[in-house]
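Structure of the sequence below:
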Amino acid sequence: MTQVRIVTIDGPSGAGKGTISQRVAERLGWRFLDSGAIYRVLGLLADRAHISIQAVENLAELAGNMPLSFEGDRVLLDGQDVTDEIRTESAGNRASQVAAIPAVREALLEWQRHYAKSPGLVADGRDMGTVVFPDAQVKIFLTASPEERAKRRYKQLKGKGLSVNLARLIEEIRERDERDSQRAVAPLKVSSSALALDSTHLTIDEVTDRVLQKVFETFQDLQP
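Coordinates of the predicted model:
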């Protein structure tokens, strides 16, 4: 795993990790791993199969046998495109709940590590740099204020024609931040070797440029 070049971008929900990670991966020509999608798909599968969050063994078994694949920015479950279905707030909350289960995280750990292949990987999530890829050469922790993250999510959902409440989104984001940072297993935290970026007042292009600058400083044989 250490022989593969890896960039991890961690941070709370709505910080822009996915967008930035995709842009960086495309710029470098590397693989992209959306770890959050994995847990969202598992939450969706558990919901479809009526498996309770308390049914730990069943969830772990489900996690180890997910027919999951990625095609660009699309997430496929047994060949079915579920990208939009797993991006709802309810799906995000289910994902946060199943992600707090140690047996589930263990079942998915090796799958994620095996996804790292040459020429490189850009992985986004909450514990990519602290747990999944602790030896990653470049680690970024991307954040933004709860209010700004809620506004971004609000615009995104409204753009899809969904009915949403901004105040409720802010509350849900704060609740999820607390749950993710306080959980006993792989809590959301800044790696000691990570570059922390606050994107509250930065554009997507500005954040992307700063991440790429760090990448090129680390891998000096790459061309800017």
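
Please make it C-alpha for all contacts and neighbour counts, starting now.
Noted.

What is the longest helix along the chain packed up against?
Longest helix of the chain, by residue count under DSSP state H: helix 166-182. Counting contacts by 3 or more Cα pairs under 8 Å, 6 or more residues apart in numbering; DSSP states H and E, helix 166-182 is packed against helix 89-99, helix 146-159.

Not counting the host helix or strand of residue 123 itself, show me its contacts.
For residue 123, the element it lies in under DSSP states H and E is strand 121-125. Residues from elsewhere that reach strand 121-125 (Cα atoms under 8 Å, 6 or more residues apart in numbering): 4-11, 17-18, 21-22, 24-25, 30-36.

so what strands line up beside that strand?
Within its sheet, strand 121-125 is paired with strand 6-10 (parallel), strand 31-34 (parallel), according to DSSP bridges.

next one: the last one to chain centre, how far?
Spelled out, that is strand 31-34. Counting by Cα atoms, centre = their mean, to the nearest Å, strand 31-34 is centred 9 Å from the centre of its parent chain.

Contacts made by that strand with the rest, please.
Under Cα under 8 Å, 6+ apart, the answer for strand 31-34 is 18, 21-22, 25, 112, 115-117, 119-125.

before we move on, the earlier item: quick one: the longest helix of the chain to helix 146-159, angle?
120 degrees (axes from the mean of the first three to the mean of the last three Cα atoms, to 10 degrees).

Heading C-terminal from helix 166-182, find the next helix or strand.
That would be, after helix 166-182 and using DSSP H and E, strand 195-198.

Could I get the buried residue list for whichever helix or strand comes after that next one?
Using DSSP H and E, the helix or strand that follows strand 195-198 towards the C-terminus is helix 204-218. Neighbour counts over helix 204-218 (16 or more other Cα atoms under 10 Å) mark 207-208, 211-212, 215 as buried.

now stretch 121-141
For stretch 121-141, using 16+ other Cα under 10 Å, the buried residues are 121-130, 132-141.

With stretch 59-74 instead?
59-60, 62-64, 70.

which residues make contact with that stretch from outside it?
22, 38, 42, 45-46, 51, 53, 75-79, 81-83, 98, 103-104, 107-108.

Could you turn the buried ones of the residues you listed into a ChimeraX selection?
Here is the ChimeraX command that selects the buried residues among these (16+ other Cα under 10 Å):
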select :22,38,42,45,46,53,75,76,77,82,83,98,103,104,107,108
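
May I ask which helix or strand encompasses residue 142?
Counting by DSSP H and E, residue 142 is found in strand 138-143.

what's that strand in contact with?
Residues outside strand 138-143 that contact it (Cα under 8 Å, 6+ apart): 6-12, 15-17, 129, 190-191, 193-200, 211, 214-215, 218.

So how do I select the buried members of the residues you listed in ChimeraX?
Applied in ChimeraX, the following selects the buried portion of these according to 16+ other Cα under 10 Å:
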select :6,7,8,9,10,11,12,15,16,17,129,190,191,194,195,196,197,199,200,211,215
